[in-house]
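Colleague: Curious how this folds, go ahead:
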Amino acid sequence: MASGERALVTPAILRWARRESRHKIPEVARHMDKQEEIIESWENGTAQPTINQAKKLAKFYKQMFATFFLDEDDTPTETVVNFTDYRTISGDDDPELSPKAWSCIREALKQRQIALELAQEIERPIRKFSFKDSSRTLLVANSIRASLGIETPKNFKTERDAFNYFRGKFEEHDILVFQMKGVEVSELRGVSIFFDEFPIILVNSDDAWNGRIFTMFHELAHLIKHNNSLSTLYGNNEVDCNRIAGETLLPPNTFDVADNWDWTVTSKATIKAYMARYGVSEETFWRRLLILDKIDESFYQTKRAEIHAEFERIKAIPKKKKDGSPTPNVLFVSQYGNIFPKIVLQSYLSNKITLADTTQYFRMQPKFISAMKEVLFK
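Modeller: Next comes the predicted model:
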């Protein structure tokens, strides 16, 4: 088949694929190095792309090439998530996400659907979401700690260990915790999508580990309110969810020391000790002290400014390439957690799906499948 041959794609499917990926025609035109009118002509059926151009479009839209040849009557339904809580740096309430951010959300929804279907096949029970809301944030925070069985303070060796500890607690309640890759933290720090079974939390893999921990608990607070939420780094709203997250991670008795203790002269070593034992960021530490009236607003804002200045400084430093890289199975579990890959692997081991299905779900070569057992069941 000649690469210059025209692809008899279905125009309605092309329109759906572009909208589903949240790309606009000018973006597609730039990517394809074509005029906007050419892209429009492909979508209205007055012209067809070449086979190579259609393949390039499929990759850009993150769709299978064969999808473009479906009948118009088989056009899939567009993915819609009604986010009731959304905030941006500027305070806008219009959730117009970048294509990359939306791709992460679509992928999470897809993984959840696969997990649901395979769990039914292997007769794996799914724990219903049962956390209860209250108008009193401390009651909610105490309930979360009790339900999850959180045992802090702990001596976490690394911030990553703390993240994995809390993520594991969420997964025991069948809450899917995925990590977004390639999304700017300034655009999106976390996502929550409520379902009675396998609710979804997304955290940003470019955020600090302790930042991801706080986001997990912030998004859990949204799930408890049965909300779908998009959260960014600098938002000032959603005070209840921030407070629930803070009180869960740092209960009031955390700071039970002498009444006349001056927290404004706290040493860096002491702050780092709190961060390590409770899995929190420095900003969360100071915010909790402010809420508990142990420091004043002016001091807190000074510390907050220092923390964000340091964040921007570190962000500007080019990342050094690490020697070697984790294997695909380790990277997959890091991104998608334990629930989804365990269900897929158990489905394969019980002959409910084929090896080809398994490699497609894991997006890795068959040689890594056996190693996946060691990662998941170590």
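
Colleague: quick one: secondary structure of residue 203?
Modeller: Per DSSP: H, G, I helix; E, B strand; the rest coil, the local secondary structure of residue 203 is strand.

Colleague: switch to numbering from 30
Modeller: Got it, the first residue is 30 from now on, which makes the last one we talked about residue 232.

Colleague: What is the burial count for it?
Modeller: Neighbour count of residue 232, defined by other CB atoms under 10 Å: 26. C-betas here are computed from N, CA, C, even on glycine.

Colleague: Next: residue 43.
Modeller: Neighbour number of residue 43 under other CB under 10 Å is 25.

Colleague: Excluding chain neighbours, what is closest to it?
Modeller: residue 72 (5.0 Å; CB to CB, 6 or more residues apart in numbering).

Colleague: Now do the same for the one you found: its pLDDT.
Modeller: With respect to pLDDT, residue 72 scores 90.

Colleague: So it sits against residue 47, correct?
Modeller: Yes. Contact criterion CB atoms under 8 Å: residue 72 and residue 47 qualify, at 7.3 Å.

Colleague: so what sits against both of those two?
Modeller: Common contacts of residue 72 and residue 47 (CB atoms under 8 Å, 6 or more residues apart in numbering): none found.

Colleague: list the buried ones in the lengthiest helix in the chain?
Modeller: Of all the segments of type helix in the chain, defined by DSSP state H, the longest one is helix 128-150. Residues of helix 128-150 classed as buried by neighbour count (16 or more other CB atoms under 10 Å): 128-137, 140-141, 143-144, 147-148.

Colleague: do the same with stretch 47-62
Modeller: Buried residues in stretch 47-62 (16+ other CB under 10 Å): 47, 49, 50, 51, 52, 56, 57, 58, 61.

Colleague: In helices, which of those residues fall?
Modeller: 47, 49, 50, 56, 57, 58, 61.

Colleague: and which of those residues is nearest residue 252?
Modeller: Of all these, residue 49 has the smallest distance to residue 252: 25.1 Å, by CB to CB.

Colleague: In contact with the closest residue to that closest one other than its chain neighbours, which residues?
Modeller: In this structure, residue 49 finds its nearest non-sequential neighbour in residue 107, 5.8 Å apart by CB to CB, 6+ apart. Contact partners of residue 107, counting by CB under 8 Å, 6+ apart, are 45, 48, 49.

Colleague: on that earlier part again, mind giving me JSON lines with the buried residues of stretch 47-62 and columns for distance to residue 336 and pLDDT?
Modeller: Listed next are the buried residues of stretch 47-62 as JSON lines, based on distance: CB to CB, whole Å; pLDDT from 0 to 100:
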{"residue": "47", "distance to residue 336": "40", "pLDDT": "92"}
{"residue": "49", "distance to residue 336": "38", "pLDDT": "86"}
{"residue": "50", "distance to residue 336": "35", "pLDDT": "86"}
{"residue": "51", "distance to residue 336": "32", "pLDDT": "84"}
{"residue": "52", "distance to residue 336": "35", "pLDDT": "88"}
{"residue": "56", "distance to residue 336": "35", "pLDDT": "91"}
{"residue": "57", "distance to residue 336": "39", "pLDDT": "93"}
{"residue": "58", "distance to residue 336": "41", "pLDDT": "93"}
{"residue": "61", "distance to residue 336": "43", "pLDDT": "93"}
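
Colleague: average model confidence for stretch 153-169?
Modeller: Stretch 153-169 comes out at a mean pLDDT of 93.

Colleague: my bad, should have said stretch 295-302
Modeller: Average pLDDT, stretch 295-302: 90.

Colleague: try stretch 197-211
Modeller: Stretch 197-211 comes out at a mean pLDDT of 97.

Colleague: gap between the two ends of it?
Modeller: Counting by CA to CA, to the nearest Å, you get 24 Å between the two ends of stretch 197-211.

Colleague: any idea how far that stretch is from the chain center?
Modeller: 8 Å (CA atoms, centre = their mean, to the nearest Å).

Colleague: now swap in stretch 127-134 and tell me
Modeller: 10 Å.

Colleague: Could you point out which residue ranges in the stretch 80-229 of the chain have low pLDDT?
Modeller: Within the stretch 80-229 of the chain, the set of residues satisfying pLDDT under 70 comprises 109, 111, 113-124.

Colleague: Tell me, how many residues neighbour residue 278?
Modeller: So residue 278, with other CB under 10 Å, has 27 neighbours.

Colleague: ugh, typo on my part, it should be residue 379
Modeller: Neighbours around residue 379, by other CB under 10 Å: 12.

Colleague: related to what we said a few turns ago, which element follows the longest helix of the chain toward the C-terminus?
Modeller: helix 166-177 (DSSP states H and E).
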